[in-house]
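Peer 1: what would the 3D arrangement of this be:
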Amino acid sequence: MSARALVLPLVLAAFVAACGGDQTPASPTPPPPASSAAVTVSAAPNPLAAIADPSGVAERYRVSANLTFRETAGIAATVTVLTVTVWSTASPPWSSTSSTNVSIAVGAKGTAAYTLPTTFDAAAADPAARWQLDVTAADAEGKAVSIAPVQVMMAVPPRPVADAVLVGAGDVDGCGRAEPEYTARLLDRIPGTVFVAGDATYPSGTMASYTSCYGPTWGRHLWRTFAVPGNHDYQSDGGAAFYQYFGTAAGPPGLGYHSHTLGAWHVVMLNSEIPVKAGSPQYEWLRQDLGASTAACTVAVWHHPLFSSGQNGNSAFMRDVWNLMFQYGVDVVVNGHDHLYERFAPQDANGRAHARGIREFVVGTGGYPLYNRGQTQANSEVFENKTYGVLKLTLKSGKYDWEFIPIDGQTFRDAGSGTCVTPAASAGAPQPDHLTILAARGG
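Peer 2: Now for the predicted structure:
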């Protein structure tokens, strides 16, 4: 036999061995022996109730389940891993799984209790979500203990809406005056959305006035501002410069009425410089806007007040709007025009106090010279015409706080809180206003 004939079989044998061709398949690892321990687990309460996680992370929830383990076969066991799966078929559907390493001793024919907190992210609320627990356990010999999963209903509520701040005034700026800068400094240290209740600049709304007078003061908050026009904004060019300067903050050019969502509230900005009586395009827009809103609370801002004890007095042409807002349960109205601060009790469009009425604030205190008192109107609760400042509204779920904040060096303040009203169309018996006056003092 040649050398080549001897080498070839050896090479082939080595190749087959390297490829595993001559190896017997390994036997699978046998499962660990099962324990004879008999453990059951229950979870309470049923259904579980999730809450928003205190971390404040969007869509994050926390739920706690009180677990009870019970052994009935007389063999002690130790629970080592708890795996929770939560899921929902809501739109959009979501699910989450997390495991917790534990050491829970369950005595022979005994019980053990354990509270299991779980944090998860939910893309949507669901009153009938599911929570399932899978348990890993073993006895003293290391044998696996079979425990049936437990599944219960879990309510996942909508995320609470954070409070929002709406702060501002009307009748703001005139070149060369110090007061607009002083009120702007208040805005510098108050977070939230800024409103301008008309007459952002004087004596007329030219682009030069907005950029040179308003711009260096309140204009530094333009990025977070909603504005409505006043008569001085329309005086020189029918509002053209106003819309050009404020842009989207003033709503559609030439219209000046727009609405927004702020926290849990609906915010309506109206233009009292154009027709607003029943049947006008703005009035019909407002009717549709309020009808489509799902918010429980609404605040509206425009320039001319229906009620004022200042020298300009009442603006009766806003009565139709007030009536419509009363019907839809608007809660708060903020105006300017009279250069003073005034707060009214809730009332209807005819000036009659009403538990479901609208509370009006006149806040023409942004910086231009203040006005004298005129005829005192019914339901006027606070009147002040010697103090510059801003009105801060803290918009909460179902309620609101107000605070008039004076410029540095002045002392008058007014603060309180109110509860959102029930719309006239859905109200039964008259609802209380739940008013709390915290302070109203002069200085």
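
Peer 1: and residue 220, that one's in a helix?
Peer 2: Yes: applying DSSP: H, G, I helix; E, B strand; the rest coil, one finds residue 220 inside a helix.

Peer 1: what's near enough to touch it?
Peer 2: Taking C-beta atoms under 8 Å, 6 or more residues apart in numbering, we find residue 220 in contact with 184, 188. Backbone N, C-alpha and C define where each C-beta goes, glycine included.

Peer 1: for it, give its distance to residue 187.
Peer 2: Look at residue 220 and residue 187: by C-beta to C-beta, to the nearest Å, they are 8 Å apart.

Peer 1: wait, doesn't residue 355 sit right on residue 348?
Peer 2: No: here residue 355 does not reach residue 348: they are 10.3 Å apart, not a contact under C-beta atoms under 8 Å.

Peer 1: now the helices: where do they sit in the stretch 201-350 of the chain?
Peer 2: Assigned by DSSP state H, counting those that start in this stretch, the stretch 201-350 of the chain shows helices spanning 207-209, 231-234, 240-246, 281-292, 319-327.

Peer 1: what's in contact with the fourth one?
Peer 2: Translated: helix 281-292. Applying C-beta under 8 Å, 6+ apart, the contact partners of helix 281-292 are 255, 257, 259, 266, 268, 270-271, 274-277, 298, 320-321, 324-325, 328, 330.

Peer 1: 6 Å - rerun?
Peer 2: Counting by C-beta atoms under 6 Å, 6 or more residues apart in numbering, helix 281-292 makes contact with 257, 259, 276, 328, all of which sit outside it.

Peer 1: then the first one?
Peer 2: With contact meaning C-beta under 6 Å, 6+ apart, helix 207-209 is reached by 201, 241.

Peer 1: buried residues of it, list them for me.
Peer 2: For helix 207-209, burial by neighbour count (16 or more other C-beta atoms under 10 Å) applies to residue 209.

Peer 1: over to stretch 65-81?
Peer 2: Using 16+ other C-beta under 10 Å as the test for burial, stretch 65-81 gives 65, 67, 69, 71, 75, 76, 77, 78, 79.

Peer 1: ends of it, how far apart?
Peer 2: Length of stretch 65-81, first residue to last, C-alpha to C-alpha, to the nearest Å: 15 Å.

Peer 1: make residue 1 into 735 and carry on from there
Peer 2: Renumbered: residue one is now 735, and that last one reads stretch 799-815.

Peer 1: which residues touch it?
Peer 2: Outside stretch 799-815, the residues that touch it by C-beta under 6 Å, 6+ apart are 770-778, 782, 833, 835-836, 838-850, 869-871, 873, 879.

Peer 1: inside strands: which ones of these?
Peer 2: 773-778, 782, 833, 835-836, 838-840, 845-850, 869-871, 873, 879 (DSSP state E).

Peer 1: from these, keep the buried residues only.
Peer 2: Members of these classed as buried by 16+ other C-beta under 10 Å are 773, 775, 777, 782, 836, 838, 840, 846, 848, 850, 869-871, 873, 879.

Peer 1: for residue 917, which three-state class applies?
Peer 2: Under the three-state scheme (three-state DSSP), residue 917 adopts helix.
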